[in-house]
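Q: sequence plus predicted model, see below.
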Amino acid sequence: MGRKRPSERLRRLIQQYKLLERSADPFSIDVRYFVKVMRECFPRLQSIPELCLDGEAIDAASSVLALQVRYLEYMTALLYRDPLLVQRRLSELDKADIAHLFLKNWHPLIAVEQMTAHALASAADYWEGLLPLSERLAAALGPRPETRAISRSELLRMGILTDKSFMELVKEVWGELKEAGETDYWDFIVAPTYERTLQRAILVSFLVTYGYAMLKVDHIEGKMTLIPYERRRTLTKRHISSIPISIAEDRWRRAVEEKG
C-alpha cells in the first residue's frame, strides 16, 4: 500500500478539528501531532488547492491552541487542578513535604474535645469541695417553717371548718337549689368570697354526683344549668359521673361582676 497523499492527511487533520468543535475536551487533539503532519506534508504540496488545505490545517491547529488556552483559563478561575497533574506533583514530594502542606491547608470544620489529666484533676477537686446534697437543698429552700397545732376555733374562724356537719351543709344547699329551681350553675355557686364559692362548688358537685341534682351542659353555648330533684335518686356505679369544672380566681371575679 502506497503512502497517503499530503492532501488526504491534511483533510484528516481538518476533519479532526471539526469533530473537536463538538467535543467538551479541547485536549483530545495533540497539537504536536498536527505540526508534525503539516511539516511532513508541506515539501510535497504541488498545487494551489493543496496549499489552501495546508493553510486551513494551520488555522485549525491555531484554533485548537486557542480553545486549550481558554479552557485552562476557565478551569484555573474555578481553582481546578487536573488529577493527573496533582498525582504527578505529589509523587515528586517526600512525606515530610506532604505533611507540611496538609497542616498548612488544614481547616477543620469541627473539633473533638477529649478528657485530659488536667481536666480530670479539676473535676476531682470540684466534687471533693462540693457540699452534701442535704446542705445544698437547705440553702436553696431556706429555713424550714415551724410546725404547730391549730385549734378548732382557729379553723372555724378561717372558714375551713363549720359548726355544721358536711351532710347538713349538703342538705342546706340542696334546699336552696330546690327553692331556686332550674338555674345557672355560676349564678348559684358564686358567693361574695372566693373561699365560700369553692365551698359551694364542692357541695354542688356532691349533689350532682350522688343523685340530688342534675347538671345539664350545653357545649355549643358554653352554658351549664343545675336542675334539682325533689327526692334523691339512687344511681348505680355505671350512671355515677363526675364533670371537672375549673373554679379559677379570675373566673370567680368575672362571675361576681356579671352577677352584679
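A: It's in.

Q: just the helices in this protein please.
A: 6-21, 31-41, 48-77, 83-91, 95-104, 117-128, 133-141, 152-158, 166-180, 185-189, 194-209, 249-259 (DSSP state H).

Q: quick one, which of those helices gets closest to residue 221.
A: helix 185-189 (12.7 Å; CB to CB). From N, CA and C alone the C-beta is placed, and that goes for glycine too.

Q: right, and the helices of the chain - which one's nearest residue 216?
A: helix 185-189 (9.2 Å).

Q: what does the closest one contact?
A: 176-177, 180, 197, 200-201, 204, 215, 224-226, 245, 255, 258-259 (CB atoms under 8 Å, 6 or more residues apart in numbering).

Q: just the buried positions in that helix, please.
A: Across helix 185-189, burial judged by 16 or more other CB atoms under 10 Å covers 185, 186, 188, 189.

Q: got these as JSON lines, with pLDDT and distance to residue 171 columns?
A: JSON lines is the format used below for the buried residues of helix 185-189 (pLDDT from 0 to 100; distance: CB to CB, whole Å):
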{"residue": "185", "pLDDT": "89", "distance to residue 171": "19"}
{"residue": "186", "pLDDT": "88", "distance to residue 171": "22"}
{"residue": "188", "pLDDT": "91", "distance to residue 171": "16"}
{"residue": "189", "pLDDT": "88", "distance to residue 171": "17"}
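
Q: closest to residue 219 among the residues you listed?
A: Nearest member of the buried residues of helix 185-189 to residue 219, counting by CB to CB, is residue 185, at 13.6 Å.

Q: next one: the closest one from residue 177, what distance?
A: 11 Å (CB to CB, to the nearest Å).

Q: which neighbours do the two share?
A: Joint contacts of residue 185 and residue 177 (CB under 8 Å, 6+ apart) are 204, 226.

Q: residue 39: which of the buried residues of helix 185-189 is nearest?
A: For these, the nearest to residue 39 is residue 186 (110.7 Å; CB to CB).

Q: distance of that closest one from residue 259?
A: For residue 186 relative to residue 259 (CB to CB), the value is 8 Å.

Q: residue 224 now?
A: From residue 224 to residue 259 the distance is 15 Å (CB to CB).

Q: and residue 225, by the same measure?
A: Residue 225 is 16 Å from residue 259, by CB to CB.
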